[in-house]
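# Structure of the sequence below:
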Amino acid sequence: MHRLFLLLALIASLLLPTAARANPIEPEKAFAMRAQALDAQTIEVVFEIAKDYYLYGDKFRFEAEPAAVGFGALEKPAGKMKKDDFFGEVETHRGELRILVPVQAPPGTTRFELFATSQGCWDGGICYPPTTQQASIDLTAPPKKAGGFLDSVLGGRAGAGGASSAPVALAATADGAGSPAADAVSSDETGDIARLLSGASVPI
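Reported below is the predicted structural model:
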């Protein structure tokens, strides 16, 4: 995936006017992810989205190792709608994005590895393939203060040992099947490369 990213960055830099050229950053830096347990039934996933980048609101997928750990419908604030040439009318997120994910863990399971997959774009002309990031979760660990969206949802109790196990749904998105190995390039990304090689910029 990193070789694909470097290829896209190189081609985009050649196609953009000199004044508009910039150096896009790797997706793990553009969409930095961290996660923690708020209680035994809920985890908080935070994406720090870099300036001039955005994430698609319907591309989040969550998996766990061991696979016996499952997740319910995620809760997140509503994003802004955008007309996308590939996906049509889509929801997008910029800045800091906090997501609540209900956890369905078997009895006795308190630790697991979380694999969070997301997909986004750079305003400069590159849309990234789906990117998977990993975090270690301990359902027994006391959470750090959530703040922001979660404080408004949980009444300031997140991080104080009283986080609700039934968060209020503001914008619910059912989680779907995702893979921890998200290096495979989808047909959309293949089309992007073809458009770049033919001399057209990648629409976002």
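# Select the helix or strand of the chain having the lowest average pLDDT value.
Here the helix or strand of the chain ranked lowest by mean pLDDT, DSSP states H and E is strand 172-173, holding a mean of 40.
# if you skip the residues just before and after it, what's nearest to residue 113?
Nearest residue to residue 113, sequence neighbours excluded (Cβ to Cβ, 6 or more residues apart in numbering): residue 65, at 4.4 Å. Using the backbone N, CA and C atoms, a C-beta is placed for each residue, glycine as well.
# That neighbour: how many residues sit nearby?
Here the number of neighbours of residue 65 (other Cβ atoms under 10 Å) works out to 12.
# quick one, strands of the protein?
Assigned by DSSP state E, the strands in the chain fall at 31-39, 42-49, 53-56, 61-65, 70-71, 74-75, 80-84, 88-93, 96-104, 111-118, 120-122, 126-127, 131-138, 172-173.
# I'd like the ones you listed as CSV, with distance to residue 144 appended.
As requested, the strands of the chain are exported to CSV (distance: least, Cβ to Cβ, whole Å):
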stretch, distance to residue 144
strand 31-39, 6
strand 42-49, 9
strand 53-56, 22
strand 61-65, 20
strand 70-71, 21
strand 74-75, 19
strand 80-84, 28
strand 88-93, 21
strand 96-104, 12
strand 111-118, 16
strand 120-122, 25
strand 126-127, 32
strand 131-138, 12
strand 172-173, 24
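# these two touch, right, residue 80 and residue 95?
No - counting by Cβ atoms under 8 Å, residue 80 stays clear of residue 95, with 10.8 Å between them.
# any low-confidence regions in the chain?
1-21, 145-204 (pLDDT under 70).
# can you tell me the distance between the two ends of stretch 57-77?
By Cα to Cα, to the nearest Å, the extent of stretch 57-77 from end to end equals 10 Å.
# buried set for it?
For stretch 57-77, a neighbour-count test (16 or more other Cβ atoms under 10 Å) marks 57, 59-64, 69, 71-72, 74-77 as buried.
# quick one: which two of the residues you listed are the most distant?
Within these, 69 and 77 form the most distant pair, 24.9 Å apart (Cβ to Cβ).
# hang on, the earlier thing: looking at the strands of the chain, which is nearest to residue 22?
Taking Cβ to Cβ, strand 120-122 is the member of the strands of the chain nearest to residue 22, at 8.5 Å.
# Contacts for that closest one next, please.
For strand 120-122, contacts defined as Cβ atoms under 8 Å, 6 or more residues apart in numbering pick out 24, 27, 30-31, 49, 52-56, 59, 92, 127-128, 204.
# who does it pair up with?
strand 53-56 (antiparallel), strand 126-127 (antiparallel) (DSSP bridges).
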